[in-house]
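Participant: with the input below, show me the fold.
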Amino acid sequence: MRLLAAALLLHATKAAVTTLLPGTAEPESSDSVKLLKWINETENGFVHPTHSVRRLGPGFRGIFARTPIEKDAVLAVIPWDLCVTHPMDQDGHCGLSRKAVDALVKGETPYAKMLREYDPSLPNDWPPNARQSLDGLPPGDWDRHLKWFEAGCLKRKATEDERRGMYLMVARSGSSRAYEQGGYLFLAPLYDLYNHRNGKYHNTLVKVEEGESISIIAGRDINAGEEIFNTYGEGTLELFRDYGFVEPLPRVWNLASLRFVEDEEGRVTWPAAGPPRGPARDEFLNRLATLKRALSAPLPSPDDDAEAALLERASAFIGAVGGAVDAATADLANNRLSGEL
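Facilitator: Modelled structure (predicted):
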């Protein structure tokens, strides 16, 4: 083992334990396991052996910790040369989209093969019958990224490969300077293999050294058997639009122009200014009632099994939005009864 990996292991690992992990282990021949091995075998690359890639269901996998990991331990170091990168100040989002297309079409690395496996099935690309199930529902701007890409980057209609490259940029890229000018956008192997979750479940941090590496750090102690999560951002509506999944609780909502958090028990936390009051409260409740009626529209009948699977996802999304509407409405009613509003 290289000196770098040995030093990181000394810092990272507590006493080894045997833990029952969910799902089934991906075989050594799988693209995901080959990806981790590729990073490890690259100079200055490192993936902690605690990583266990598990198949959790058809088309769904997660990465779990075989052993306990201490806070601040290095989980992975991904050399810059293995990533797809583009400077933000050089037409960053358009540029990374184009490079993602090159990786999809021409790339032969384990990461390029993983990118080709990516099938977003985002709501904007659903067939009309399934797409109809989301009519009138928030966020509503289902085609915003494609419209931006074709108008701002291509000045024409996108090809299928170009669409996929753009969706990769939207759904799987990170930024080296999230709140500053300059820096790089990147697609990084392993970084985008972790599943998303927020709240207490989010247990990693990302450290970017531009031109050198991208490191994944344990943001807190991680128990053996626990899934290792990244975060893809906040906003359940936006995550469904941009990634195609309904995130587990806790969820951050922006409904009827008001942002609030729904915790794991379905309780609502309002912004620092508190819940809406007086006429603003009444207007908010009216908007929620209108949304509730839209949510009750019957789903169309599927034309085939593929469409049935999409309608199941639509149903899960509709159920989540409906749960948030009910939670917010009940919380405001309880506040009024207690005299707080």
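Participant: now do the phi/psi pair for the closest residue to residue 149 other than its chain neighbours.
Facilitator: Nearest residue to residue 149 in three dimensions, chain neighbours excluded: residue 166, at 4.5 Å (Cβ to Cβ, 6 or more residues apart in numbering). Backbone N, C-alpha and C define where each C-beta goes, glycine included. Residue 166 adopts backbone torsions of phi -60, psi -40, taken as degrees, to the nearest 10.
Participant: residues in contact with residue 166?
Facilitator: 97, 100, 145-146, 149, 153, 158 (Cβ atoms under 8 Å, 6 or more residues apart in numbering).
Participant: any idea how far residue 211 is from residue 83?
Facilitator: Residue 83 sits 11 Å away from residue 211, going by Cβ to Cβ, to the nearest Å.
Participant: among the contacts of residue 166, which are in helices?
Facilitator: In this view, the contacts of residue 166 that belong to helices under DSSP state H are 97, 100, 145-146.
Participant: which pair of the residues you listed spans the longest distance?
Facilitator: 100 and 146 (14.6 Å; Cβ to Cβ).
Participant: of the two, which one has the most company?
Facilitator: Comparing residue 100 with residue 146 by other Cβ atoms under 10 Å, the one with more neighbours is residue 100, at 28 against 19.
Participant: local confidence estimate at the more buried one?
Facilitator: Listed pLDDT for residue 100 reads 92.
Participant: correct me if wrong: it contacts residue 171.
Facilitator: No - between residue 100 and residue 171 there is no contact under Cβ atoms under 8 Å: 10.4 Å.
Participant: quick one, what contacts residue 162?
Facilitator: Counted by Cβ under 8 Å, 6+ apart, residue 162 has contacts 97, 101, 149, 154.
Participant: tell me the spacing between the last one and residue 166.
Facilitator: So that's residue 154. 9 Å.
Participant: can you check the second one too?
Facilitator: Between residue 101 and residue 166 the computed distance is 8 Å (Cβ to Cβ).
Participant: picking that back up, export the contacts of residue 166 to CSV and append columns for distance to residue 71.
Facilitator: What follows is the contacts of residue 166, written out as CSV (distance: Cβ to Cβ, whole Å):
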residue, distance to residue 71
97, 36
100, 33
145, 35
146, 40
149, 39
153, 41
158, 43
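Participant: and the two most separated of those residues?
Facilitator: Greatest spacing in the contacts of residue 166, by Cβ to Cβ: 100 and 146 (14.6 Å).
Participant: circling back: mind checking which of residue 83 and residue 211 has more residues around it?
Facilitator: Higher neighbour count among residue 83 and residue 211: residue 83, with 19 against 10, using other Cβ under 10 Å.
Participant: against residue 224, how distant is the more buried one?
Facilitator: Per Cβ to Cβ, residue 83 is found 29 Å from residue 224.
Participant: cool, and residue 156?
Facilitator: Using Cβ to Cβ, residue 156 is found at 52 Å from residue 224.
Participant: same check, this time on residue 289
Facilitator: In terms of Cβ to Cβ, residue 289 sits 47 Å off from residue 224.
Participant: more crowded one of those two?
Facilitator: residue 224 (19 against 12).
Participant: I'd guessed the more buried one sits against residue 68; true?
Facilitator: Yes - taking contacts as Cβ under 8 Å, residue 224 lies within contact range of residue 68: 5.0 Å.
Participant: can you tell me the closest non-neighbouring residue to residue 183?
Facilitator: That would be residue 177: by Cβ to Cβ, 6+ apart, it lies 3.3 Å from residue 183.
Participant: lowest mean pLDDT among the helices and strands of this structure, which one is it?
Facilitator: Every helix and strand in the chain was compared by mean pLDDT, DSSP states H and E; the lowest is helix 3-12, with a mean of 48.
Participant: tell me the strands beside the helix or strand that it is followed by, with direction?
Facilitator: Per DSSP states H and E, the first helix or strand lying C-terminal to helix 3-12 is strand 24-25. According to DSSP bridges, strand 24-25 forms sheet pairs with strand 51-57 (antiparallel).
Participant: okay, buried residues for the helix or strand just after the partner strand please.
Facilitator: Next helix or strand after strand 51-57 toward the C-terminus (DSSP H and E): strand 60-65. Across strand 60-65, burial judged by 16 or more other Cβ atoms under 10 Å covers 61-65.
Participant: what sits against residue 85?
Facilitator: 96, 99, 184-187.
Participant: now those in JSON lines, with neighbour count?
Facilitator: Converted to JSON lines, those look like this (neighbours: other Cβ atoms under 10 Å):
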{"residue": "96", "neighbour count": "25"}
{"residue": "99", "neighbour count": "20"}
{"residue": "184", "neighbour count": "23"}
{"residue": "185", "neighbour count": "21"}
{"residue": "186", "neighbour count": "23"}
{"residue": "187", "neighbour count": "23"}
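Participant: which among those gets closest to residue 38?
Facilitator: Within the contacts of residue 85, the smallest distance to residue 38 is 14.9 Å, found for residue 187 (Cβ to Cβ).
Participant: what's the local residue count around the closest residue to the closest one other than its chain neighbours?
Facilitator: Spatial nearest neighbour of residue 187, excluding adjacent residues (Cβ to Cβ, 6+ apart): residue 84 at 4.1 Å. The number of residues packed near residue 84 is 24, by other Cβ under 10 Å.
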